[in-house]
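Student: with the sequence up front, the predicted model follows.
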Amino acid sequence: MKDTAAFVAGGAVGAAVAVGALQYWYRREWNADRRQYSETSEKEQRPTSRAVQGSSCKLSDFTSDEVLSEQFTRNVQFFGQNGQLNIANAFVVVIGLGGVGSHAAHMLLRSGVGKLRLVDFDQVSVSSLNRHAVATREDVGMSKAQCLKDHFHQILPEADIEAVNAMYTEAAEEQLLGGSPDFVLDAIDNIDTKVELLAACHRRGLPVLSSAGAGSRADPTRLRIADIAECSSDKLSRSVRYRLRREHAICSGITVILSLEKPRVKLIHINNPSEYQIVPGFRVGIVPVLGTMPAMFGMAAASHILCQLAGQPFNPEPIVEITEQQYETQMARLLEREETKYGGTQGVAVDYSDVVYLVRDIWRGVSSHALGVQQPGLHRGFNRSTANLVLARWDADKAAEVDNLVLMTFQEADRHESSGARSSDDAHTQYVHQRLQLVKTEYCIG
């Protein structure tokens, strides 16, 4: 009897499950048919909109064009109309259109950069779909540059997109860097090509951001943007820094985006590299890549470039480690100097937290005369020596406030004090004024 009851109950449950599955299937198919009918009907009844077709106007006309004005509403709210206009009039070259380059180019486009030159010699592969910004399986085998151009036309048809299926070489320098671009993004993963590109940008005076390795990493909180002189934690940027210094006498002045995270997995070597090596000298090992990391590198790169183009650069988190004792020493030295030079500490209008901000974020643990760059060989790892540094007044007639304190060596501070805060066009004075203006902006000082 119990077996019969169990059998009946089991049958009832099975029937209920079957009915539920059928109901789900019919409901799914009915919804799909309804969506298809709705989409077909809508397409038949409505002509292609201006928003889809685009227009012959330029991106710089966004203030007078209804669709463009709406598309860039949030950008204008963020950068202001003049800032967005600078972006719309900008010309950016992106060289290397893999995970990092495709995501950066994608967001540069969506943010309204008027002209993009997209450069890569390679094609979309199936294995690259885990990290590419827009490519689909239908794009496999297509030129990476053309793939982006086709997708970008659907997003912002008014943009001027130039797709160049080529590898950067010295012979192609004028073709790829000509036309006076406002910014260049280096997203190449080959050292030889990378070095030649960066040297050419430096020689031409072109602003450039170079991406270090995004592969084998997973921690997005370890991303940094810094001068190449400070990039020693990443193998690729370290090698590039050495080559630039040795072959082109370039020690600083090139901005790099890198991760401080140590690689989590090693390069996977190929048994018969000659069968896979398309271009002589290029890496033939496989770098394991978590797709999110190249995307974050690319997004960070685009953010940096956009803020630069808009004339509203941000102050990146510095690559520096300064101990609590060092900050306390700097606070004590400031008070001691004020007591000795000005007869008391009543003019000191900063506290410990302000000193931390000034020493680390504004002056980056080096003398202002270093122009924000720690020269190679003067520190070990990321640690900064502040043994001979002191915060001193820039203008002796003003109080020791957060927007009037500059980090210098004792000797530099004494010389500056004796000569006064002169109005000068030299690089150091311009740098100090720029950094102090940043303090005013971040502290909302009028």
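Tutor: Great, that's in hand.

Student: where along the stretch 151-300 of the chain do the strands fall?
Tutor: For the stretch 151-300 of the chain, the strands defined by DSSP state E, counting those that start in this stretch occupy 160-164, 183-186, 208-211, 223-227, 255-259.

Student: show me the shaky parts of the stretch 251-400 of the chain.
Tutor: By pLDDT under 70, the low-scoring segments of the stretch 251-400 of the chain are 270-285, 373-383.

Student: same thing but 90
Tutor: By pLDDT under 90, the low-scoring segments of the stretch 251-400 of the chain are 262-289, 317-322, 347, 364, 370-387.

Student: to residue 115, which of the strands of the stretch 151-300 of the chain lies closest?
Tutor: strand 160-164 (4.2 Å; CB to CB). (Each C-beta comes from the backbone N, C-alpha and C, glycine too.)

Student: tell me which residues in that closest one are buried?
Tutor: Using 16 or more other CB atoms under 10 Å as the test for burial, strand 160-164 gives 161, 163-164.

Student: listing partners with orientation, what would you give for it?
Tutor: strand 115-119 (parallel) (DSSP bridges).

Student: centre of the chain to the strand it pairs with, how far?
Tutor: 17 Å (CA atoms, centre = their mean, to the nearest Å).

Student: what's the neighbour count on residue 243?
Tutor: Residue 243 has 18 neighbours, counted by other CB atoms under 10 Å.

Student: and if you look at residue 137?
Tutor: 8.

Student: cool, and residue 238?
Tutor: 15.

Student: for residue 239, see how far away the nearest residue to it once chain neighbours are set aside is.
Tutor: Nearest residue to residue 238, sequence neighbours excluded (CB to CB, 6 or more residues apart in numbering): residue 232, at 5.5 Å. Residue 232 is 11 Å from residue 239, where distance means CB to CB, to the nearest Å.

Student: so for the two, which residue has more residues nearby?
Tutor: residue 232 (17 against 14).

Student: which secondary structure elements does the strand or helix carrying residue 407 contact?
Tutor: Under the criterion of DSSP states H and E, residue 407 resides in strand 405-409. The contact analysis (3 or more CB pairs under 8 Å, 6 or more residues apart in numbering; DSSP states H and E) places strand 405-409 against strand 389-393.

Student: how big is the angle separating the strand it packs on from strand 405-409?
Tutor: 140 degrees (axes from the mean of the first three to the mean of the last three CA atoms, to 10 degrees).

Student: each with direction, which strands does strand 389-393 pair with?
Tutor: strand 405-409 (antiparallel).

Student: roughly how far out does stretch 81-89 sit from the chain middle?
Tutor: 19 Å.

Student: scratch that, stretch 389-404 is what I was asking about
Tutor: With CA atoms, centre = their mean, you get 33 Å for stretch 389-404.

Student: got it, and stretch 354-363?
Tutor: 23 Å.

Student: please save the CA atoms from that stretch in PDB.
Tutor: The C-alpha trace of stretch 354-363 is given here as PDB (Å, rounded to 0.1, in the frame of the first residue of the first chain):
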ATOM      1  CA  ASP A 354      48.100  67.700   5.800                       C
ATOM      2  CA  VAL A 355      51.800  66.900   6.000                       C
ATOM      3  CA  VAL A 356      51.100  63.300   4.900                       C
ATOM      4  CA  TYR A 357      49.200  64.700   1.900                       C
ATOM      5  CA  LEU A 358      51.800  67.200   1.000                       C
ATOM      6  CA  VAL A 359      54.800  64.900   1.300                       C
ATOM      7  CA  ARG A 360      53.300  61.900  -0.400                       C
ATOM      8  CA  ASP A 361      50.600  63.000  -2.800                       C
ATOM      9  CA  ILE A 362      51.800  66.400  -3.900                       C
ATOM     10  CA  TRP A 363      55.600  66.200  -3.700                       C
END
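
Student: hang on, the earlier thing: identify each buried residue in the very next helix or strand once past the strand holding residue 407, please.
Tutor: Proceeding N to C from strand 405-409, the next assigned helix or strand is helix 410-419, under DSSP H and E. By neighbour count on 16+ other CB under 10 Å, the buried set for helix 410-419 is 412-413, 416-417.

Student: can you tell me the element the closest residue to residue 313 other than its chain neighbours falls in?
Tutor: Computed as CB to CB, 6+ apart, the closest residue to residue 313 that is not its neighbour in sequence is residue 307, at 5.2 Å. Using DSSP H and E, residue 307 sits in helix 292-309.

Student: what's that helix in contact with?
Tutor: 79, 86-87, 90, 92, 98-108, 111, 113, 131, 133, 182-183, 185, 187, 207, 209, 211, 214-215, 217-218, 220, 223, 225, 255, 257, 259, 313-314, 316 (CB atoms under 8 Å, 6 or more residues apart in numbering).

Student: mind exporting the C-alpha coordinates of the helix or strand just after it to PDB?
Tutor: Using DSSP H and E, the helix or strand that follows helix 292-309 in sequence is helix 324-342. Below are the C-alpha coordinates for helix 324-342, written out as PDB (Å, rounded to 0.1, in the frame of the first residue of the first chain):
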ATOM      1  CA  GLU A 324      54.800  57.000   9.700                       C
ATOM      2  CA  GLN A 325      58.100  58.000  11.400                       C
ATOM      3  CA  GLN A 326      59.100  59.900   8.300                       C
ATOM      4  CA  TYR A 327      55.900  61.900   8.300                       C
ATOM      5  CA  GLU A 328      56.300  62.700  12.000                       C
ATOM      6  CA  THR A 329      59.900  63.800  11.300                       C
ATOM      7  CA  GLN A 330      58.700  66.200   8.500                       C
ATOM      8  CA  MET A 331      56.100  67.600  10.900                       C
ATOM      9  CA  ALA A 332      58.700  68.200  13.500                       C
ATOM     10  CA  ARG A 333      61.100  69.800  11.000                       C
ATOM     11  CA  LEU A 334      58.500  72.200   9.800                       C
ATOM     12  CA  LEU A 335      57.700  73.400  13.300                       C
ATOM     13  CA  GLU A 336      61.400  73.700  14.100                       C
ATOM     14  CA  ARG A 337      62.100  75.700  10.900                       C
ATOM     15  CA  GLU A 338      59.200  78.000  11.700                       C
ATOM     16  CA  GLU A 339      60.500  78.500  15.200                       C
ATOM     17  CA  THR A 340      64.000  79.300  13.900                       C
ATOM     18  CA  LYS A 341      63.200  81.400  10.900                       C
ATOM     19  CA  TYR A 342      60.000  83.100  11.900                       C
END
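
Student: and the helix holding residue 307, how far out from the chain middle?
Tutor: 3 Å.

Student: buried residues in it?
Tutor: So for helix 292-309, counting by 16+ other CB under 10 Å, buried means 293-309.
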